[in-house]
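What shape does this take:
(one chain, ligands or ions: 2)
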Amino acid sequence: MAGGSNKNWILMVTARSPTNIAVIKYWGKRDETLILPINDSISVTLDPEHLCTTTTVAVSPKFEEDRMWLNKKEISLSGGRFQSCLREIRSRGTDFEDEEKGIFIKKEDWKKLHVHIDSFNNFPTAAGLASSAAGFACLVYSLAKLMNVKEDEGQLSAIARQGSGSACRSLYGGFVKWSMGNDANGSDSIAVQLATEAHWDELVIIIAVVSSRQKETSSTTGMRESVETSPLLHYRSKEVVPKRILQMEEAIRTRDFPSFAKLTCADSNQFHATCLDTSPPIFYMNDTSHRQVFCMEKWNRSEGTPQVAYTFDAGPNAVLIAKNRKVATQLLQRLLFYFPPSADTELDSYLIGDKSILKDAGIGTMEDVEALAPPPEIKDNIPSQKYAGDVSYFICTRPGRGPVVLGDEALALLHPETGLPK
Ligand SMILES: Nc1ncnc2c1ncn2[C@@H]1O[C@H](COP(=O)(O)OP(=O)(O)OP(=O)(O)O)[C@@H](O)[C@H]1O
Ligand SMILES: C[C@@](O)(CCOP(=O)(O)OP(=O)(O)O)CC(=O)O
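Ligands and ions are numbered 1, 2, ... in the order given. Here you go, the predicted structure:
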């Protein structure tokens, strides 16, 4: 058994992982247990400086069972998805030794040692902000580091995929494709990096958090119902997505913003159309989401070429991708004009993430928000309506890096001596 005579040690790793937003959507599985999709998808990884999961994993001979805490509450690890990830990582663990601490672990010991896992999302969980993506990517990445797994990110992505499909794309930074693969065992259903975040670092992303309540239909249930009942989904996966994937890869490779934006918006709209085509229909977007699409379409049309791409996952939150920083400041001015904070909300808490965008947009106080002029694309004869309070808050971010280990022990979520949450 591991560890020689000393049984008091705790071995611990802390990692941080990003979320991602799909610009060509994954919606529909061909295998529910292995989580194999019916089409390829492409995403942009969001900067973990602003949205991320932090997970500490630990093993010790003194732990009596596998335990997990999520956002400070203990949760059950008995679900099939957690079990798949734990099993797959454990079976790939390799020998580990730390002579100084007297820790010797043989590869077969990983199956016998229990783990403690503590994870924290710095954004709302299960609210359509891809917490499952960041969460399972971080779980798999941190466990792989702890258990001295030698596999590369691509192989780890196939394990994270079994936690939540979209999680496989969070193993890389920048621009990522999840290849659906052909093998029945899922071995080739993995994520590949198309380009790093540095390749297209002009993009600025603003997320309008429309509602952070938990949604009514989970992605898992929603896509199962779509696979069973939507003819449009099958047409989409066979006829539309394969072509769009090639076009999107090219748009990213050449940093062709107009193509990128047109494909992103069209794919989001088609995904939501398949939700409406599902029986009974699924509504993820709400009136506020629709208003945001209307504003962006109107602005893009008035400029003659797209300035901003919009995309919505399984919820009402808009993810808006601006071509560059200058456009992002104009976007923010429009968003604050149409969707100002409610009277009891401070400007400082209304925009989080990269707050420096406020200064660039010339907005320092609520008076500045009130003084914003109507966007020029509004015709004089149409009174401009405002929707104060319809957006909970905005997050300003950008494309970002993949998972990293946090070496600083002070950042660990588990106590180094007890292995329990701090
Ligand atoms: N940090 C985490 N570590 C491990 N698992 C997590 C973590 N955060 C979330 N999860 C898992 O993901 C589930 C939430 O996933 P769900 O798909 O419902 O919401 P979401 O990911 O926030 O939204 P969406 O995927 O539609 O964008 C949680 O119930 C939990 O099982
Ligand atoms: C709309 C989406 O965000 C759906 C994500 O679905 P999940 O990855 O959350 O679903 P499961 O694989 O069942 O866990 C689109 C996308 O991210 O590609």
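
Up against ligand 1, what does the chain have?
53, 70, 119, 121, 125-132, 135-136, 139, 166, 218-219, 313-314 (CB under 6 Å from any ligand atom). In short, each C-beta sits where N, CA and C put it, glycine included.

same thing but at 5 Å, please
53, 119, 126, 128, 130, 131, 132, 135, 218, 219, 313, 314 (CB under 5 Å from any ligand atom).

would CSV of those with pLDDT, distance to residue 44 and neighbour count be doable?
Compiled in CSV, those are given as follows (pLDDT from 0 to 100; distance: CB to CB, whole Å; neighbours: other CB atoms under 10 Å):
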residue, pLDDT, distance to residue 44, neighbour count
53, 97, 17, 32
119, 98, 23, 26
126, 64, 21, 16
128, 72, 16, 23
130, 85, 11, 30
131, 91, 17, 21
132, 94, 17, 23
135, 97, 18, 26
218, 91, 23, 13
219, 94, 18, 21
313, 95, 12, 23
314, 93, 17, 25
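
Out of these, which is nearest to ligand 1?
residue 135 (2.3 Å; CB to the nearest ligand atom).

nearest spatial neighbour of the closest one, skipping sequence neighbours?
In space, and not counting its chain neighbours, residue 135 is closest to residue 53: 5.1 Å by CB to CB, 6 or more residues apart in numbering.

these two touch, right, that neighbour and residue 140?
No: counting by CB atoms under 8 Å, residue 53 sits too far from residue 140 to count as a contact (11.3 Å).

Contacts only, for residue 180.
If you count contacts by CB atoms under 8 Å, 6 or more residues apart in numbering, residue 180 has them with 30, 36, 37, 38, 39, 40, 189.

Quote the end-to-end distance of stretch 365-378.
End-to-end distance for stretch 365-378, by CA to CA, to the nearest Å: 24 Å.

And for it, what's in contact with it?
Residues outside stretch 365-378 that contact it (CB under 8 Å, 6+ apart) are 295, 298-299, 301-302, 333-334, 336-337, 340-341, 347, 362-363, 384.

and ligand 2, which of these reach it?
Okay, of the contacts of stretch 365-378, nothing touches ligand 2 (CB under 5 Å from any ligand atom).

Check those residues against ligand 2 and report the nearest one.
residue 295 (22.0 Å).

how close does that closest one sit to residue 255?
From residue 295 across to residue 255, the span is 25 Å (CB to CB, to the nearest Å).

Give me the more crowded residue out of those two.
For residue 295 and residue 255, the more surrounded residue by other CB atoms under 10 Å is residue 295, and the numbers stand at 23 against 15.

Following the helix or strand encompassing that one in sequence, what is the next regular element?
Using DSSP states H and E, residue 295 maps to helix 287-303. Sequence-wise, the next helix or strand downstream of helix 287-303 (DSSP H and E) is strand 308-311.

That following strand pairs with which strands, parallel or anti?
strand 318-322 (antiparallel) (DSSP bridges).

What are the contacting residues of the partner strand?
Strand 318-322 has contacts (CB under 8 Å, 6+ apart) with 21, 23, 44, 203-208, 210, 260-261, 264, 289, 292-293, 296, 307-313, 328, 331, 335.

quick one, helices of the chain?
Using DSSP state H, the helices of the chain run over 80-90, 131-146, 153-160, 219-229, 231-235, 241-253, 257-276, 287-303, 325-338, 347-350, 356-360, 366-370.

possible to save those helices as JSON lines with distance to residue 9?
Shown next, in JSON lines, are the helices of the chain (distance: least, CB to CB, whole Å):
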{"stretch": "helix 80-90", "distance to residue 9": "19"}
{"stretch": "helix 131-146", "distance to residue 9": "13"}
{"stretch": "helix 153-160", "distance to residue 9": "25"}
{"stretch": "helix 219-229", "distance to residue 9": "38"}
{"stretch": "helix 231-235", "distance to residue 9": "51"}
{"stretch": "helix 241-253", "distance to residue 9": "46"}
{"stretch": "helix 257-276", "distance to residue 9": "48"}
{"stretch": "helix 287-303", "distance to residue 9": "51"}
{"stretch": "helix 325-338", "distance to residue 9": "49"}
{"stretch": "helix 347-350", "distance to residue 9": "43"}
{"stretch": "helix 356-360", "distance to residue 9": "44"}
{"stretch": "helix 366-370", "distance to residue 9": "54"}
